[in-house]
Structures are given as C-alpha cells and as structure tokens.
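>>> Structure, please.
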Amino acid sequence: MRIKFVSIVLLSFLLVMLSCTKNKTDWKGTIEEKDGVKIIKNPIEPISGSVKRLVQLKEIMRIKDNGRDIIFRWPENLVVDDNENIYFLSTPHLYKYDKNGNFIFKLIGEGQGPGEADPGLRKHFAFINNEILIRAISPPKAMIFQLDGILKNEIKLESFRRLEFIGSFQDKIYAFQEEISMVPRGKNGYVDVPTPVYEFSTDFQEHKKIYTFPINYYFVGSAWFGQAFLEYALKDFQSLFVVHTSEYKITKFNLESKRVEDVITRKFNRVKRPKRKKKPGFTYGPDREYYQDIHKLLVFGNYLWAFTSEKNENDHWLVDVYDMDGKFVDYFFLCFPDNLEPKRYQNIQLIAWKDYLYSIDQDSEGYYSIAKYRIED
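Purely as a prediction, here's the structure:
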C-alpha cells in the first residue's frame, strides 16, 4: 500500500532553461563529511550563472466557493490524484473536484459519530491504496473513505493527535508527530522541542520512532512561540527533505536506511524582520531578528525547489533550485497574477503535478480559491 502524494512531477522547462544557459559555470561549493553525513556548502550564486529573472504563472482553471452551501474557510492540504481530481481540506470538510473544476463531493460531517470529526489542519489527509485517509483531531481517529466518498473504516488514534502525514515506503506509513505538549510545564526560555518521524503499519497497530528533528521554541509561562517551523518534501517516496531551523539548512533523510544522508546549505543574505507593535496585557516571545530563510520545499522530477524569504520589489519570492546531489543550479522569482498570492499559515500552499502548479490562493480582499497554473517563461 502506498500514499500517493503529488510532490513528484517533471517540469521540462527547467531542463530547457538550464541546458540553454550561456553563462553556466563549474560548481564552486565544497563538500565535507562528518559522522557519515555529507555537508554540502553551496556558494551565493548558482551554477547557471543566470540573473534572478521573473517566472510568470498563467491561470488555466480556478475553483471558487458559491457563497452558500460551499464556503472555503482556511483551505489547507491540497492534493491532486492520478486522474487529476483535486482534493483539499476546508474546516470541517474535505472537498473533491474533478480536473475541470467541477464539484464532486465533500466529506466529514460536524460531530463525533462515524464520518464526523474536526480534521484540523496541516497535512492530515492522504491516499492509501486508492483510499482516502484522514487523521482527525477530535475525536482522535483515522477515517478511511473509498474514492467515491463512502466511509469504509475508522481507527482510534488516542496517542497520535497531531500527526502530519509524510508518505509511505515499503508498505509502511510515515508521519511527523508534534510533541510540544510533552514539554514540562513551567519551562521558560529557548527549548528544542523534539518532532519525531514515526513509522506505522498500515492498520496503525504497530509504530516506532525512527528519527527526531528538533524545532526551537521560546517558552514563557503557559505560552510558547515558535522560532522556526517544519517544512518538508518527499522524493520517490523515500528521500525526505526537511527544513527545521530558521537558518538556511536542508536535511536529506532516507526513509529506507533511516539515516540522514546530506545537509544542504548555501551562502544567503538573511532578510530582517520588522519590529512588532506589542499590545498591553498580551504575552509575547522575543523579537526574531530574521525571517525563516526557507519556508517551502517542492520536488520537481530531479530538482528540489526552496522558496526563500527573499522577495523582489513586487513581493515575489525567490526560489532556489537544487539538483539531487544538493548543488545549487538556478534561481528565479515566481510571479503570481496581480492581486493574488498563495495562501499560507506558515508555509505556501502550493503543489505540482505533471507540467502544472496548483495553488490555494488568497485575493486582496481575503477570499480563497484554488487555481491551476502553467509556467510561462
């Protein structure tokens, strides 16, 4: 059984751009090895030698709510299946549309009974062997639906209320488990909170921790404030690329060998955060000097895209491109249509399938929609 995510695509335009670059140079980074892990240190400029050009997105199709019985509230967890059907969570429902943007159904009722729950947010939905798997927060359970929307089974998950599905490999399910609630009460100051990767059997009856990524938080009293957030992408259902620090650092973890293989870095001019206006009576963590350097990862064929905190004068993000050896090969600013930007809580809601990008967008008035784009370059 496999979870079929759409983090694996092939964008031919990247190959064309890279092969046609006239200013291509030899790689000028360095590789060190420490405890069996390769530390790949990239220079500030890519192999292509290109300037930070603009890459435009052309809208192909857009899905909007109807303002009545279908209303998108904080849509999240966008997925496209092999037949180009589009799925996403919008509390409390999971929606399914066909490839032309036609509504098919919505799942999950409000309540505590069969097929009812609060699914929560952040990658709590996946495919397993042509079935829909949803991890619910309240009550804590996994709901399994057929692709036609009929409820097949439910499994209690009392000990795993905060799972984020990663994918599957060799008939095992992999997920992150947020464990911030396990930090001792009364803790103050900076704390590295463990965020483990769990390996599950497909019925969730067997599980084990296989690796832990620390994420830095600041605790004061009963409140906590993240100093970094977790972002990841999966290649071939085996190689897991993870960002878990605010600095420019990508960790490549192998789900088969259960070990870190590479750590990818590059010289990067960090972007400063503005000072916050603090309201009396509210608890705040310390001001962070910089934004998180990388806030989105995507895998396209044999390339890894890292969305950085750098923006141009028109508020477009700089995207760094790496090959699978961790070498910095290209970069560009990704341009969305006017008055639109990809929706985000902590990360951009953007995936890819074949030659297209799919995005949960938010317009200048705050309304959400789901779009299919083609890249124009």
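>>> Low-confidence regions, this protein specifically.
Across the chain, residues meeting the criterion (pLDDT under 70) sit at 1-24, 111, 118-123, 128-129, 184, 343-347, 377.
>>> Any buried residues in stretch 187-195, and which?
Val191, Asp192, Val193, Pro194, Thr195 (16 or more other Cβ atoms under 10 Å). Just so you know, the C-beta spots here come from the backbone N, C-alpha and C atoms, and that holds for glycine as well.
>>> quick one, what contacts the fourth one?
If I follow you right, that is Pro194. Glu179, Met182, Thr212, Phe213, Pro214 (Cβ atoms under 8 Å, 6 or more residues apart in numbering).
>>> Touching, the third one and Val197? I think so.
Yes. Thr212 lies in contact with Val197 (Cβ atoms under 8 Å); the separation is 7.3 Å.
>>> Out of the two, name the residue with the larger neighbour count.
Using other Cβ atoms under 10 Å as the criterion, Thr212 and Val197 rank with Val197 on top: 22 against 16.
>>> Quickly find the element holding the more buried one.
Per DSSP states H and E, Val197 falls inside strand 189-200.
>>> Tell me which strands that strand pairs with, and in which orientation.
Strand 189-200 has the following sheet partners, assigned by DSSP bridges: strand 172-177 (antiparallel), strand 207-220 (antiparallel).
>>> Tell me which of these sits most buried.
When you average the neighbours per residue for each of the strands paired with strand 189-200 (mean count of other Cβ atoms under 10 Å), strand 172-177 leads with a mean of 22.
>>> Now do it: distance to the chain's middle.
15 Å (Cα atoms, centre = their mean, to the nearest Å).
>>> same thing with stretch 31-48?
23 Å.
>>> That one: which residues count as buried?
In stretch 31-48, counting by 16+ other Cβ under 10 Å, buried: Lys38, Ile40, Asn42, Glu45, Pro46, Ile47, Ser48.
>>> again with stretch 199-207
Buried residues in stretch 199-207 (16+ other Cβ under 10 Å): Glu199, Phe200, Thr202, Phe204, His207.
>>> And the fourth one, how far from Asn130?
In this case it means Phe204. Remark: distance between Phe204 and Asn130 (Cβ to Cβ, to the nearest Å) = 18 Å.
>>> The first one too?
Applying Cβ to Cβ, the value for Glu199 to Asn130 is 22 Å.
>>> ok, and what's touching stretch 46-62?
17-18, 21, 23-27, 100-101, 312, 316, 318-321, 327-337, 356-357, 361, 369-377.
>>> Output that stretch as CSV, nothing but the C-alphas.
Extracted in CSV, the C-alpha atoms of stretch 46-62 (Å, rounded to 0.1, in the frame of the first residue of the first chain):
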residue,chain,number,x,y,z
PRO,A,46,24.1,29.1,-8.8
ILE,A,47,25.9,27.0,-11.4
SER,A,48,23.7,28.5,-14.1
GLY,A,49,25.2,32.0,-13.6
SER,A,50,21.8,33.5,-14.5
VAL,A,51,20.3,36.6,-13.0
LYS,A,52,17.3,36.5,-10.7
ARG,A,53,14.8,36.5,-13.5
LEU,A,54,11.0,36.5,-13.3
VAL,A,55,9.0,33.3,-14.0
GLN,A,56,5.3,34.0,-14.7
LEU,A,57,2.3,31.8,-13.9
LYS,A,58,-0.6,31.6,-16.4
GLU,A,59,-4.0,30.7,-14.9
ILE,A,60,-5.6,27.6,-16.5
MET,A,61,-8.5,27.0,-14.2
ARG,A,62,-9.8,28.4,-10.8
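>>> how about that stretch: buried residues?
By neighbour count on 16+ other Cβ under 10 Å, the buried set for stretch 46-62 is Pro46, Ile47, Ser48, Ser50, Val55, Leu57.
>>> if I read this right, Ser369 contacts Ile63, doesn't it?
Yes. Ser369 lies in contact with Ile63 (Cβ under 8 Å); the separation is 6.2 Å.
>>> what about these two, which has more around it?
More crowded of Ser369 and Ile63, by other Cβ under 10 Å: Ile63, with 22 against 17.
>>> In this structure the more buried one contacts Tyr368, no?
No. Proximity of Ile63 to Tyr368 does not meet the contact threshold set by Cβ under 8 Å, at 9.7 Å.
>>> which other residues reach stretch 258-270?
29, 36-44, 210-211, 239, 247-254, 290-291, 293, 308-310, 320, 322, 326, 328.
>>> possible to save the buried residues of stretch 199-207 as TSV with distance to Ile71?
What follows is the buried residues of stretch 199-207, written out as TSV (distance: Cβ to Cβ, whole Å):
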residue	distance to Ile71
Glu199	38
Phe200	34
Thr202	34
Phe204	32
His207	36
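>>> between the residues you listed, which is nearest Pro92?
Phe204 (21.9 Å; Cβ to Cβ).
>>> who are the neighbours in contact with the spatially closest residue to that closest one that is not a sequence neighbour?
Excluding the flanking residues, the one nearest Phe204 by Cβ to Cβ, 6 or more residues apart in numbering is Ile155, at 5.3 Å. Listed by Cβ under 8 Å, 6+ apart, the contact set of Ile155 reads Lys141, Ala142, Ile144, Asp203, Phe204.
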